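K.L.:
here is a sequence with its predicted model. Questions after.
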2 protein chains.
Amino acid sequence: MLKKERQAYIIQQINIHNKVLSSDLCVQLDVSEDTVRRDLQELAEEGKLIKVHGGALAKSFHFTIESKQVYSLPEKKIIAHKAIDLIKDGMLVVISGGTTMRELVNMLPPDLNATFVTTNVPIALELLEHPNAEVIFLGNKLLKSAQMAVGAEVVQRLGQIKADLCLLGTNSIDLNFGITDLEWEIIEVKKAMIACAQKTVSLAISEKLNTTQRLQVCALDQVDVLITELAPTNEKLTPYAKLGLSIL
Amino acid sequence: MLKKERQAYIIQQINIHNKVLSSDLCVQLDVSEDTVRRDLQELAEEGKLIKVHGGALAKSFHFTIESKQVYSLPEKKIIAHKAIDLIKDGMLVVISGGTTMRELVNMLPPDLNATFVTTNVPIALELLEHPNAEVIFLGNKLLKSAQMAVGAEVVQRLGQIKADLCLLGTNSIDLNFGITDLEWEIIEVKKAMIACAQKTVSLAISEKLNTTQRLQVCALDQVDVLITELAPTNEKLTPYAKLGLSIL
DNA sequence: TGCGTTCCCGCATAATCACGCAAAAAATTT
DNA sequence: AAATTTTTTGCGTGATTATGCGGGAACGCA
């Protein structure tokens, strides 16, 4: 195979996937990693792509990739990390939206073999980056504010699913009113998510504790696990533990 | 064997395989490598092919390799701009994926009041940025390679839609084989998209013209409009115009 | 911190190229 | 037809390019 041919192939792959791994390319093209690296370097010098450790990125995605890493509060990372341990191979996981969830998806171990159901567009996009995850997007009309699909369609489809786990990004959680949210359409979907899963996990930064919004998603007795960035023994959490929630 | 004969053979091979190796040619033509190289050099000077180390490539290769300054290719912007004029207020538009489409969505006039149906995740995300567009995402299992929903579910849902316009990002388009693509699941969805729309528009960079993939999406008689970055009068497009396609 | 991966550097090897020259072939002139 | 010129071709030599490999440095991740 000619060098230019190889480089054309690389450009093609970049255009399709927005990224390439050196390790992948050297298999696909049947050349050594050094050769691939030299090709990438050359193409990078010509401005056709951006060389990064382990492969290369499309130029157009340089910015989005960079800005993607910005919103990583350390608290969210802690929460995400705790939640990941709940996800096992073969599980069917229903997952809502929010930046904490994005963090979580980002941190999923690459060898995890699970199926994820979501109605949230950014989450879906993130999940697509995962090498092994199967992703089901329940679609319908998209709600701009939450970047997610809502409506009877979605609720009905969720009703046809029996999930192992429901990971719920939580805006507000309170001892009396349970989990609450702002928009009617979001509530509906979250309700359906909880209903279809065997186990419901609420992910919330501690500042969300003991706050309420207008509309109730569910009472606390429907929530099985509560995850915050705090230590499970923290006194802020003990009232929740007394209500029967597992605290992580 | 005469020199002209040899060169004609080389051109023929280039047309078939898009490349030739000097080492192959000197065997096939029973001449020395030097002679082959001199032939290639001559043909390169006449612009019939591109000389590279080890052989030569068809001119189309040069295009893919040289003109892909991926970050918002000017060609794509031109195409997107032309396509946008087709979208009117109140329309229901079915839209596929691809970077050209993303460019298009990005350029949509903010006051446009249209509904968009898509199965492509990045496109959906981009559409959500638009202040007025209503976005419908037809969901199901997501295909990683294309970042889009595929499967019977999607096809069926598309069947329930009567769209005004179908904007089709096109991987390969050819006079004989029509629009073609690589993956079975993608084909199915694109077919359904075409079927549900009153008018089908193919968006393709000129380098995609007269190329084919394994699987047929549709014949050219199902396509109403072809948009490339070229002027409609360009000779590359006249064969398509003769088949009844509108060229923009 | 430590471990595995990826990267960078230099070198060895092989393939390819460029140049000059002379023989062969073709075209032109005598 | 013979001689001459022009073109084409093959070959040898040395230069250039492409590639793979080894070893140590750098990186990323836990």
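P.N.:
Thanks, I have it. Numbering: from 1, shown residues only, chains lettered A, B, ... in the order given.
K.L.:
for residue A:93, list each beta-bridge partner.
P.N.:
residue A:116, residue A:165 (DSSP bridges).
K.L.:
cool, and residue A:225?
P.N.:
residue A:201, residue A:246.
K.L.:
how much space between the most centrally placed residue in chain A and residue B:102?
P.N.:
Taking CA atoms, centre = their mean, the centroid of chain A lies closest to residue A:105, which sits 3.2 Å from it. Distance of residue A:105 to residue B:102, computed by CB to CB, to the nearest Å: 22 Å. In short, each C-beta sits where N, CA and C put it, glycine included.
K.L.:
ok, residue A:98 next?
P.N.:
24 Å.
K.L.:
how about the residue nearest to the centre of chain A: what's its closest non-neighbour residue?
P.N.:
Spatial nearest neighbour of residue A:105, excluding adjacent residues (CB to CB, 6 or more residues apart in numbering or on different chains): residue A:126 at 4.3 Å.
K.L.:
which residues touch that neighbour?
P.N.:
Contacts for residue A:126 (CB atoms under 8 Å, 6 or more residues apart in numbering or on different chains) come out as A:102, A:105, A:106.
K.L.:
quick one: pLDDT of the nearest residue to residue A:98 once chain neighbours are set aside?
P.N.:
Computed as CB to CB, 6+ apart, the closest residue to residue A:98 that is not its neighbour in sequence is residue A:169, at 3.1 Å. Residue A:169 carries a pLDDT score of 90 in this model.
K.L.:
tell me the bridge partners for residue A:169.
P.N.:
Residue A:169 forms beta bridges with residue A:203, as assigned by DSSP bridges.
K.L.:
next: the one 10 residues further on.
P.N.:
Listed beta-bridge partners, residue A:179: residue A:173, residue A:218 (assigned using DSSP bridges).
K.L.:
keeping just the C-alphas, turn the host helix or strand of residue A:153 into CSV.
P.N.:
Using DSSP states H and E, residue A:153 sits within helix A:152-159. What follows is helix A:152-159, C-alpha atoms only, in CSV (Å, rounded to 0.1, in the frame of the first residue of the first chain):
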residue,chain,number,x,y,z
ALA,A,152,-46.1,10.1,26.1
GLU,A,153,-44.1,8.2,23.5
VAL,A,154,-41.1,8.1,25.7
VAL,A,155,-43.1,7.2,28.8
GLN,A,156,-44.8,4.4,27.0
ARG,A,157,-41.5,3.0,25.7
LEU,A,158,-40.0,3.1,29.2
GLY,A,159,-43.0,1.1,30.3
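K.L.:
neighbouring contacts of it?
P.N.:
By CB under 8 Å, 6+ apart, the surrounding residues in contact with helix A:152-159 are A:94, A:117, A:119, A:138-141, A:188-189, A:191-193, A:195-196.
K.L.:
check stretch A:216-225 too.
P.N.:
Residues outside stretch A:216-225 that contact it (CB under 8 Å, 6+ apart) are A:86, A:168, A:173, A:175, A:177-181, A:187, A:190-191, A:194, A:199-202, A:240, A:243-248.
K.L.:
give the contact list for the residue in chain A positioned nearest to chain B.
P.N.:
Taking CB to the nearest CB, chain B has its nearest neighbour within chain A at residue A:139, 2.6 Å off. Contacts for residue A:139 (CB under 8 Å, 6+ apart) come out as A:119, A:149, A:153, A:154, B:119, B:136, B:137, B:138, B:139, B:140, B:149.
K.L.:
what about the third one, how many neighbours?
P.N.:
Put plainly, it is residue A:153. Summarising burial for residue A:153: neighbours were counted as other CB atoms under 10 Å in any protein chain shown, giving 18.
K.L.:
so residue A:164 makes contact with residue A:86?
P.N.:
No. If you go by CB atoms under 8 Å, residue A:164 and residue A:86 don't touch, sitting 9.3 Å apart.
K.L.:
got the phi/psi numbers for residue A:46?
P.N.:
phi -80, psi 0 (degrees, to the nearest 10).
K.L.:
perfect, I'm done here.
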